[in-house]
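Peer 1: Need the 3D shape of this:
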Amino acid sequence: MQFRHPEILYFLFLLVIPIIVHLFQLRRFKKEYFTNVKFLKELSIQTRKSSRIKKWLLLATRLLLLACVIIAFAQPFFKAKDSNSAANEMYIILDNSFSMQAKGQKGELLRRAVEDLLEHTPDGRNFSLVTNTESFWNTDIKSIQKELQNLKYSATPFQLDNLIAKVNARKSAFSKDIIVITDAAGLEQKQLKGIDKESNTYFIVPESEQKNNVAVDSVSLNQTMDNFYEISVKLSAFGDENKEVPIALYNDGKLIAKTVSKMDAKQKTMNFTIPKADFNGFVQITDNGLAYDNELYFSLSKPEKTNVISIGDAAKSGFLSRIYTQQEFNFANFPLQSLDYNQIDKQDVIILNELKEIPQALLTTLKAFSEKGGNIVLIPSEESSVSNLNAFASNFGGFQFRNLVSDEKLVTKIAFSHPLYAGVFEKKIENFQYPKTAKSFAISSASAPILSYEDQSSFLTSVGNSVASVYVFAGPISVSNSNFQNSPLIVPTFYNMAQNAQKTGIISLTIGNGLPFVMDANLAKDEIVEVKGRDEKFIPVQQILNNKVKMTFNDLPQEAGNYGVFSKERLLRHIGFNYDRTESDLRSNADLLSDYKTIDSVETVFDTLQADRTNTDIWKWFVILALIFLTTELLIQKFVK
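Peer 2: Residues are numbered from 1 along each chain as shown. So this is what the prediction gives:
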């Protein structure tokens, strides 16, 4: 027990006064015998004993009464068990990602969390609140009531480590109390590393009643026919429910196709055949799960011919002309001596086909070409020097050539998950006609191989920047060194190397992925393009690259939908923007929080903090005791004879 005014306890010395008075009243009587009446003498003795007991009782009650009054004025209290944290600053991290759109017992998880904050946060309590997209520093609940009620779902996935870092970046002389409100969907162990387990961090994990969800995962161009396109719509199912999902296809707001898919697997692909014309619309499904991932917006323009040139001997480039047909490609081969460097900027893909040496001027031009979104394919010659090949590699990084090996090697492994082979194989193939090479260079690469030899070394690998890729073979693939030209892999490999340029027809971008987008556009030097949608428009970060424009959208737009890229009022291209699908899986990872403090509601958090950090005053009990002793004294005076 402690006292707020311990100096008042000196008044306890006043307890001496009633003791002195009591002793004065208990002085011995002088005996005077004036009669010999026995009865009167006995009566006097009994009266004297009764009076002495009464005075002792009165002394005790008065001492206790005075002591209780003095102690009450000293204001005793029991110190709070967490009193050292009473001055902590409060920070609230609120998850407003799309997974919080799921419904719990009392409605959508985010809306219920907002109501909980508005109802149970003390009016005078200062705190800071951080969401996926917004921050409110040093505020109170009334000041941000309107903002919380209008809080929108964020296209940015919930990343707890980033938000914790933002909170920790706020320098303060006080410690922090952190309340994290999240459904823990998509939560990973690595996101918890920034949390000190000894700190005052509380987790509130609302649970959704609905764990099943179906999302439109992606749309791809499956086949181009004379008068029609065949597009593939990929659906992803989360949860255990096996149900039928309606799928509708819209173009410019008009329904053009509709079907039903039974989700009897985790992923399902549906094909649609549409007229061969420009398409600017979306795919829509209807399910009882999350709403944000039920639509996927995309645009489909008539595929333009891809410009491909091969630099090298014409005799070694004959197989390329059979792959890059006139129907889909503008292909040409140039010997190095007759190459027009001005033509490189107009290409989409450059193939260096067994050049003995790559000139420095060409290296510089190719580096600029790659930065503008062009793909490069390097097929080394057995006569190439390692130093010259590494001079090429130094312009792109991520790989390096070593010595030439003259051992015959078989290509036995395919990276089926690599984008180069996406959609090529219906299933993984273990036994196929193994290509081989007689001579090859050893390659060390930071990237995983696309095609591997039997000794796990790379036959084909790739590195890239955000807009283009550089594909590198380990050795020559001419018929004198390899049978790769006769392998079934030759066509999809080189075909997709060219198609990976951003010119394939379907445009469907993910909001917030940070990747630049390059498109053909003849713009003046100071001309600016603008992206416009139905309710939103913005100017992206952009760079004019000769006959192309490179745009970076960052976290824009805020709303998914169909947009157009405009130069003044001239439409250059349609683009579909979509939310990231990382929030589609509603399974909670709350078990990762077993080592942390978890509490069921905001009200419980504040009650717990108040109980742990508020001193327990007990002076009132001493006032009550003083009144009891005062009453006891009055009763003694009245009833004790």
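
Peer 1: how about the helices in this structure?
Peer 2: When secondary structure is read from DSSP state H, the chain shows helices at 16-25, 38-73, 109-120, 145-149, 160-168, 318-323, 360-371, 386-394, 490-499, 602-613, 619-639.

Peer 1: Looking at the ones you listed, which is nearest to S301?
Peer 2: S301 lies closest to helix 490-499 among the helices of the chain, at 14.5 Å (C-beta to C-beta). Where you see a C-beta, it was placed from the backbone N, CA and C, and this is true even at glycine.

Peer 1: domains of the protein?
Peer 2: Per the record, the chain has its domains at 2-79+617-639, 85-205+593-614, 213-302, 306-499, 511-578, by automatic domain parsing.

Peer 1: can I get these in TSV with mean neighbour count and mean pLDDT?
Peer 2: Shown next, in TSV, are the domains of the chain (neighbours: other C-beta atoms under 10 Å; pLDDT from 0 to 100):
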stretch	mean neighbour count	mean pLDDT
domain 2-79+617-639	13	73
domain 85-205+593-614	17	85
domain 213-302	17	88
domain 306-499	18	88
domain 511-578	16	88
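
Peer 1: mind giving me CSV with these and columns for distance to D585?
Peer 2: Formatted as CSV, those follow (distance: least, C-beta to C-beta, whole Å):
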stretch, distance to D585
domain 2-79+617-639, 47
domain 85-205+593-614, 6
domain 213-302, 5
domain 306-499, 19
domain 511-578, 17
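
Peer 1: Select, out of those, the one closest to S584.
Peer 2: domain 213-302 (4.1 Å).

Peer 1: for the closest one, how far is the first residue from the last?
Peer 2: Using C-alpha to C-alpha, to the nearest Å, one end of domain 213-302 lies 34 Å from the other.

Peer 1: Stretch 300-311 now?
Peer 2: Where stretch 300-311 begins and where it ends lie 32 Å apart, using C-alpha to C-alpha.

Peer 1: now that stretch, how far from the centre of its chain.
Peer 2: 37 Å (C-alpha atoms, centre = their mean, to the nearest Å).

Peer 1: now stretch 146-157
Peer 2: The chain centre lies 15 Å from the centre of stretch 146-157; the measure is C-alpha atoms, centre = their mean.

Peer 1: and for that stretch, what are the contacting residues?
Peer 2: Stretch 146-157 has contacts (C-beta atoms under 8 Å, 6 or more residues apart in numbering) with 94, 96-98, 100-101, 110, 114, 117-118, 129, 131-134, 136, 186, 292, 511-512, 555, 558, 560, 579-580, 582-583.

Peer 1: Over to stretch 628-641?
Peer 2: The contact list for stretch 628-641, computed with C-beta under 8 Å, 6+ apart, reads 50, 53-54, 57-58, 61-62, 64-65, 68.

Peer 1: And for stretch 56-73?
Peer 2: Contacts of stretch 56-73 (C-beta under 8 Å, 6+ apart): 5, 8-9, 11-12, 14-15, 18-19, 22, 619-620, 622-623, 625-626, 629-630, 632-633, 636-637, 640.

Peer 1: Now with 6 Å, please.
Peer 2: 8, 11-12, 15, 18, 22, 619, 622-623, 625-626, 629-630, 632-633, 636 (C-beta atoms under 6 Å, 6 or more residues apart in numbering).

Peer 1: ok so, going back, quick one: which of the helices of the chain is nearest P435?
Peer 2: Judging the helices of the chain by C-beta to C-beta, what sits closest to P435 is helix 490-499, at 8.3 Å.

Peer 1: helices or strands up against the closest one?
Peer 2: helix 318-323 (3 or more C-beta pairs under 6 Å, 6 or more residues apart in numbering; DSSP states H and E).

Peer 1: what's the helix it packs on in contact with?
Peer 2: Applying C-beta under 6 Å, 6+ apart, the contact partners of helix 318-323 are 310, 485, 491, 494-495.

Peer 1: Check stretch 561-569 too.
Peer 2: Residues outside stretch 561-569 that contact it (C-beta under 6 Å, 6+ apart): 280, 297, 527, 529-533, 571-577.

Peer 1: Next: stretch 533-552.
Peer 2: With C-beta under 6 Å, 6+ apart as the contact definition, stretch 533-552 has outside contacts at 345, 372, 516-518, 520-523, 530-531, 553, 556-557, 559, 561, 563.
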